[in-house]
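[1] return a 3D structure for these sequence lines:
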Amino acid sequence: MKKLYTKKTVTVTNSIRLMVFVVLLISTIFNGYGQVRVPFAPRTAAATPTKTIYNIKGDFTMVGNTNLTLVNYSDTRENSNDMKYVDVDGDPNTWNSSSATLTFSTENGAIPSCSRIIYAGLYWTGRASDNSNDPNIFNVTKNGITKTFDKRKVLFKGPGGSYVQVIANTTTDTNKNIYFPTGGDNQMYSAYAEVTDYVQAHGLGDYFVADIALKEGASSSGIGLYGGWGMVVVYENSKMKYRNVTVFDGHAFVTNTTIANYNFLVDGFNSVQSGNVNIKLGVMAGEGDVYYSGDYFEIQRQDNGQYQRLNHSTNTTGNFFNSSINTGGNTRNPNLQNNTGLDIAMFDIPNPGNAIITNNQTSTRFRYGSTIDTYCIFNVTFSVDAYIPEVDGVLTTTSTSATPPLAPGESANYTIEIRNKGTEATNNTIITIPIPENVNPYDLNIASNVYSPLTTSNIPVINPPNISYPNGYISWDLGTLPIPSNPDTVLADISFSLTVTKDCSKLNDPGFDPNITLNGIISGVGAISNISFAHNLIQGYQTSGLCVGEPIPAPSKIAINYVDYVNQAPIITAPSSLTIEGCDENSITTSNARYVYSATQSADIKDNYITTGYTASDNGTIESITYIDVITPNSSCPLEVTRTFTATDDCGNSIDVQQTITVKDTIAPVAPSAPADITYECIGDVPSPGDLTAVD
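    So this is what the prediction gives:
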């Protein structure tokens, strides 16, 4: 973007002093308030939300492209001229699209397809209007068709895939993913969304981004329309160097009317202990014109504290943001020299004599500014050669109690072997194994062994649940892990079993994990380097195919079949029908029917239900057995009673069985004794009959 001004000769000394004062005052104000609309902070992956620095054998890469170009293209023309959509995907449903090919390094013989993607972040940026009030959602009509664009949404497509909508979620991230001004800052917006899962699934090849919220046409303000996208991918490969990689993003707005320096800190990396320190930098920015110079990007030197201006093969130190895309020669469509407002730069920073970054350095600063051009910076990715102690833990599933998927109550047995493959001993070496929430934390059967030259009397400990470990965790303080003569020597191992829970409150939880998902971390600090490390467990190394020697990452997953368990009712055997002597329901007692007559649901009888003729079982736990008696209508002698037993398990499943009890009077009455014979003289002397009593 060009700086609009008129040249005027000033001869009054006080006016010069006043102008200098104003410039200094404005510089002070903007330095004080930063012009950083969204503070730059490390971007973390959803799978590793606490990992702000990727300590890996591997690197990062960038790809991206412009989605808006000049109607009359020129390598040097500014984007305030008439602009049109780039649309290369051949899809009539998209109005703007571009592509770039994702490739990885072959350093030290690394095979790109064997590299493992651990993070991918997608960014897009643009300026769609000269209006002072530019909404995030707007309509564009072209060729009689109207389409709605949203600055927070784009379409994204990887190799062999079809477009999916990607959204910059503004509710779950403190950076608001990232900045969408609807007034001010020349309406230049930048957006972010994590796409790790998608890129892991689709791998290397051509990636497309379509329908970025942009408009065609010319700018009337002198500040051009622009738009495009970029992607950062962090990956690891065992053949590559160790590096510390940090992905920073935010939104820094740099106006052309102020000559000022802005800086931010990159902190927390650990450069290599000795030897040359190689530095790699990636930067994404918007609205930097090739036509206008005066913009710069600098790094602080460690040898003198001064800032050194940077450049790469397609820009200069005095025109750093010049609409160039320099990402290592990967294929792009279109492959333009002038990307009219989009800068994506990935380059090595020369570091002769380690003057810029030295050994064992942990932080540095970058500074940027402009005298003419206006632009915004929204991503800075940084890597340095690093040293990290090489301790690994190999997790193996040794056996299972049944063929997976495992049912509740069935178990899997595991062993973790610990080795030190590095060049120094490690202190405070601790292995931490979270207990999965879908297993019984009280049934672990832990055993451990220590092998020479390691010596320790410490044993594994089961720790109670906390916020980080809701089901508790196993920890083992190994102390100092020595360097064996053979790096493949096992220094310690730990074995344990995990039994799938029978707790139906967990099994019925909508968030229940249908796999035993097991991982762990080995952490410590180098005894010589004093460098901290925290390595995830691995499941061994590839032994065949193209990627021999590459680690197989944890977690280990074993499927669980819990649906049948939570839906299976208890099994209960109904007692045999029973006939008892009596005249009514009160004749049903504990002595003749085991349970007294109850016209309402009885109390729980599960503790004494199972005897000869009374059986009950469940794949889990029977919570209760109750019964209720109902008299068959119009039955009296004999009296018929239906007794219904209800068995309920801990998953809420229940079953009813019935027993028929017949109450029948089979004993004849006991006749009364006859009175003795009596002789009377006259009939009139015979008395009236007396009462006789019979018993029944």
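
[2] what is the burial count for the closest residue to T589 other than its chain neighbours?
    In space, and not counting its chain neighbours, T589 is closest to V596: 5.7 Å by C-beta to C-beta, 6 or more residues apart in numbering. Yep, even glycine has a C-beta here, placed from its N, CA and C like the rest. Using other C-beta atoms under 10 Å, the number of residues around V596 comes to 13.

[3] dihedrals phi and psi, V596?
    phi -70, psi 150 (degrees, to the nearest 10).

[4] surely it touches T590?
    Yes. Assessed by C-beta atoms under 8 Å, V596 is found in contact with T590 at 5.5 Å.

[5] please name the bridge partners of M62.
    Per DSSP bridges, the residues bridged to M62 are V232.

[6] my read: it touches V234, true?
    No. Taking contacts as C-beta under 8 Å, M62 lies outside contact range of V234: 10.6 Å.

[7] what residue ranges in the stretch 551-696 of the chain score low on pLDDT?
    Scanning the stretch 551-696 of the chain for pLDDT under 70 picks out 612, 690, 696.

[8] please apply the same query to the chain.
    In the predicted model, the chain carries pLDDT under 70 at residues 1-34, 171-175, 256-261, 612, 690, 696.

[9] so where do the helices sit in it?
    Secondary structure of the chain by DSSP state H: the helices cover 13-33, 196-202, 504-507, 563-567, 590-593, 606-609.

[10] packing partners for the third one?
    Other helices and strands packing on helix 504-507, by 3 or more C-beta pairs under 8 Å, 6 or more residues apart in numbering; DSSP states H and E, are helix 563-567.

[11] and the helix it packs on, C-alpha only, in PDB?
    Extracted as PDB, the C-alpha positions of helix 563-567 are listed here (Å, rounded to 0.1, in the frame of the first residue of the first chain):
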ATOM      1  CA  VAL A 563     -22.700 -52.200  24.200                       C
ATOM      2  CA  ASP A 564     -23.800 -55.800  24.800                       C
ATOM      3  CA  TYR A 565     -22.700 -55.500  28.400                       C
ATOM      4  CA  VAL A 566     -24.700 -52.400  29.200                       C
ATOM      5  CA  ASN A 567     -27.800 -53.800  27.500                       C
END
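
[12] for it, which positions count as buried?
    Within helix 563-567, the residues scored as buried using 16 or more other C-beta atoms under 10 Å are Y565, V566.

[13] pull the residues that contact that helix.
    A407, P408, K502, C504, L507, N508, N619, G620, C651, N653 (C-beta atoms under 8 Å, 6 or more residues apart in numbering).

[14] whichever of those end up buried, select them in ChimeraX.
    Burial among the contacts of helix 563-567 is assessed by 16+ other C-beta under 10 Å; the matching ChimeraX selection reads:
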select :407,408,502,504,507,619,620,651,653
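
[15] ok, and what's touching stretch 310-326?
    Here stretch 310-326 has contacts from 64-66, 79, 281, 285, 287-290, 292-299, 309, 332, 336-347, 349, 368, 373, 375, using C-beta under 8 Å, 6+ apart.

[16] if you set the cut-off to 7 Å instead, what comes out?
    Contact partners of stretch 310-326, identified using C-beta atoms under 7 Å, 6 or more residues apart in numbering, comprise 64-65, 285, 288-290, 293-299, 309, 332, 338-347, 349, 373, 375.

[17] return the subset of those lying in strands.
    Per DSSP state E, strands hold the following members of these: 64-65, 285, 295-299, 309, 332, 342-347, 349, 375.

[18] and the buried ones among these, selectable in PyMOL?
    Applied in PyMOL, the following selects the buried portion of the ones in strands among the contacts of stretch 310-326 according to 16+ other C-beta under 10 Å:
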select buried, resi 64+65+285+295+296+297+298+299+332+342+343+344+345+346+347+349+375
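
[19] of the contacts of helix 563-567, which is the nearest to T196?
    L507 (29.7 Å; C-beta to C-beta).

[20] report the contact partners of that closest one.
    P408, T501, Y562, Y565, V566, C651.

[21] ok, now how distant is it from A559?
    L507 sits 14 Å away from A559, going by C-beta to C-beta, to the nearest Å.

[22] can you check E417 too?
    Distance from E417 to A559, by C-beta to C-beta: 24 Å.

[23] now S221. Its backbone dihedrals?
    Torsion angles, degrees, to the nearest 10, at S221: phi -100, psi -10.

[24] the one 3 residues further on too?
    Dihedral angles phi and psi of G224 (degrees, to the nearest 10) take the values phi -80, psi 170.

[25] which residue packs closest to it, ignoring adjacent ones?
    Closest to G224 by C-beta to C-beta, 6+ apart is N79, at 3.1 Å.

[26] tell me, how many residues neighbour the one you found?
    30.

[27] so it sits against Y226, correct?
    Yes. At 5.2 Å, N79 counts as touching Y226 under the criterion of C-beta atoms under 7 Å.

[28] overlap in contacts, those two.
    Joint contacts of N79 and Y226 (C-beta under 7 Å, 6+ apart) are T340, G341.

[29] so where do the strands sit in the stretch 251-400 of the chain?
    Taking DSSP state E, counting those that start in this stretch as the criterion, the stretch 251-400 of the chain carries its strands at 260-267, 279-286, 295-300, 307-309, 325-326, 332-333, 342-349, 363-370, 375-385, 391-400.

[30] most tightly surrounded among those strands?
    strand 375-385 (a mean of 25; mean count of other C-beta atoms under 10 Å).

[31] list the helices and strands that one packs on?
    In terms of contacts (3 or more C-beta pairs under 7 Å, 6 or more residues apart in numbering; DSSP states H and E), strand 375-385 is packed against strand 54-66, strand 116-127, strand 226-236, strand 242-254, strand 279-286.
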